[in-house]
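In: Dropping a prediction and its sequence here:
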Amino acid sequence: MSAVRDRNESAWLLTADGRQVQPDLRREMRRYHPRELVDLVVVGAGAGGSVLAQRLARAGWKVVILDAGPWWDPERDWVSDEAGSRHLYWIEPRVIAGADPVALGANNSGRGVGGSMVHFAGYAPRLHPSDFCTASSDGVGADWPISYADLRPYYEDLEAELPVAGDDWPWGDPHRYPMSPHPIGGNGLAFQRGCLEAGIDVRVGPVAIANGRFGHRPHCIYRGFCLQGCKVNAKASPLITHLPDAIAHGAEIRPDCMVSRIEIDDRGQASGVVYFHEGVEHRQAAQVVAVAGYSIETPRLLLNSACTRFSDGIGNDHDQVGRYVMVQGAPQTAGRYAEEVRAYKAPPPEASSEAFYETDPAAPYRRGFSLQCVSPLPITFAEHVAAQGHWGGVLREYLRDYVHWATFGALCEFLPLPENRVTLADETDRHGLPVARFAYSQCDNDRALVDAARRRMEEIHRAAGAEEVITINRFAHLVGGCRMATRPEEGVVDRDLRTFAVPNLYVTDGSVLPTQGAANPALTIMALAARAGDRMAATRGLR
């Protein structure tokens, strides 16, 4: 634990009772004048932006972090209420299109300091080595310009910093986790039982939720509202895992600051950003700019930053900005059991399996899917039931029966397609900025994966003794849009997340992923940002 504290003291920067970040830390935070030339301005305080800022603040850089949303207070702002938690999601206007339009909001975007990890389920798996070479090995997707080995040490560091709890992991690159697995509830027990009966390998975790006291972070109390923000600070989010340490090392966080454009000087370099705060336009000058607004807002910002040098948007000389946006197919299958399950009585991921993650040569599709427990709360469960066509009295009867249902979810690796992209819409937001238009359509391989995952989940439920099963098709997690590549004709950033077009402009969020795997992306985004931070510290962010 001393090694973790040496590189990230956030867990010790909470009050002794673990209820909040030490008040003096925010009150005495360093504040830079907007006209002061800082070393780095980061747009977005989520998974990628927070880790990058924390790493470079520790390297002695002057860092300013701008986030469009509020600075949350878990004591005040987190509520054990689904409907009362919508303020955590990015619900400002966006336009969706395509043959399979993707609803944006609660399942794939966040608003405020901490980003989407404030309301993520805590599930923190790694990608597999095969994810970095799907074009070469499976004939689909794209090869990354880095390998799994390049990220392995960053995965290990971050698993210790969050920390991650789980069983020894046999899939991909087999490894252990720093904390032992959590106990599981009725949902996890049903999943375990069904997998064992069906001959499917299963493990508990991995979750970025403290299993025991960690610094001043408390143990999980299993209140079951992980997706509404962790009230006790046991679940990792940048709000408590990396940002306090960044502030302690001189970084400034400015909430409620909507960045409208990146400025480019006469040399073709980024010179800072322009942003709105309380309706007033400001500018922050910086030696280096890093954008970490995720897969919709990052392409939108680059496109909205069109200028004399970049008439179609920064870095868009080859029409790559906004392309290859991916979502994961995330069908969920619920099963009704004679005994009470009470699925809400544990962290939602509980148990999981990556037995179907890799390409099966005998299957009619490429790549694969992972399986895990999910624990929809009553409103979300009602959506599952309504999707079957039930309404009125029948819907109410299903909801009265809620405690008897267990729900499993899949994450299917949908393929990167160039026409799945973000562009600018004609509509504008409250700042007068064109909003993002996100067009998405599935391919046949995507649909085949969802069907295979559904059948596996139904098999597990039946093997566990379920009397009835229902499935809802849905999406989860966004990645892509500014992908990492070897050449500018194929992507937006290089292997160090530096944009090909502007030598001191970086993208450090999930938009850089060339493929998405069948794993939740948070840990990989953080690992990529930590690696980029090392490269930037070594070169001062410049060629």
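Out: That came in fine, so what should we check first?

In: M536 and Q287: what is the separation?
Out: 11 Å (Cβ to Cβ, to the nearest Å). Bear in mind the C-beta positions are built from the backbone N, C-alpha and C, glycine included.

In: for the record, mean pLDDT for the longest helix seen in the chain?
Out: Counting by DSSP state H, the longest helix found in the chain is helix 444-464. Rounded to a whole number, the mean pLDDT of helix 444-464 is 97.

In: any idea how far that helix is from the chain center?
Out: Remark: helix 444-464 is offset 24 Å from the chain centroid, using Cα atoms, centre = their mean, to the nearest Å.

In: buried sites along it?
Out: Under the neighbour-count criterion of 16 or more other Cβ atoms under 10 Å, helix 444-464 has 445-454, 456-461, 463-464 buried.

In: In this structure, which strand is the longest?
Out: In terms of residue count, the longest strand belonging to the chain (DSSP state E) is strand 280-291.

In: Quick check: neighbours of it in the sheet, parallel or antiparallel?
Out: Looking at strand 280-291 with DSSP bridges, its partner strands are strand 38-43 (parallel), strand 270-277 (antiparallel), strand 505-507 (parallel).

In: tell me how far the last one is from the chain's mean position?
Out: So the one you mean is strand 505-507. Strand 505-507 sits 18 Å away from the centroid of its parent chain (Cα atoms, centre = their mean).

In: Residues in contact with it: which ones?
Out: 52, 262, 269-270, 288-292, 298, 314-315, 482, 492-493, 496-499, 532, 536, 541 (Cβ atoms under 8 Å, 6 or more residues apart in numbering).

In: now with 7 Å?
Out: Residues outside strand 505-507 that contact it (Cβ atoms under 7 Å, 6 or more residues apart in numbering) are 262, 270, 289-291, 298, 314, 482, 492-493, 497-499, 532.

In: The second one too?
Out: When contacts are taken as Cβ under 7 Å, 6+ apart, the neighbours of strand 270-277 outside the stretch itself are 41, 43, 66, 256-265, 281-286, 289, 431, 502, 504-505.

In: Just the buried ones from those?
Out: Here, 16+ other Cβ under 10 Å leaves 41, 43, 66, 256-264, 282, 284-286, 289, 502, 504-505 buried among the contacts of strand 270-277.

In: picking that back up, strands - which of the contacts of strand 505-507 land there?
Out: Checked against DSSP E, the contacts of strand 505-507 include these in strands: 262, 270, 289-291.

In: Kindly reformat the residues you listed as TSV containing pLDDT and distance to P183.
Out: Formatted as TSV, the ones in strands among the contacts of strand 505-507 follow (pLDDT from 0 to 100; distance: Cβ to Cβ, whole Å):
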residue	pLDDT	distance to P183
I262	98	47
A270	97	49
V289	98	45
A290	98	39
V291	98	40
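
In: Would you mind confirming that R342 is in contact with N187?
Out: No. Between R342 and N187 there is no contact under Cβ atoms under 7 Å: 8.2 Å.

In: now the helices: where do they sit in the stretch 51-200 of the chain?
Out: For the stretch 51-200 of the chain, the helices defined by DSSP state H, counting those that start in this stretch occupy 74-77, 134-138, 148-161, 186-198.

In: Thanks a lot, catch you later.
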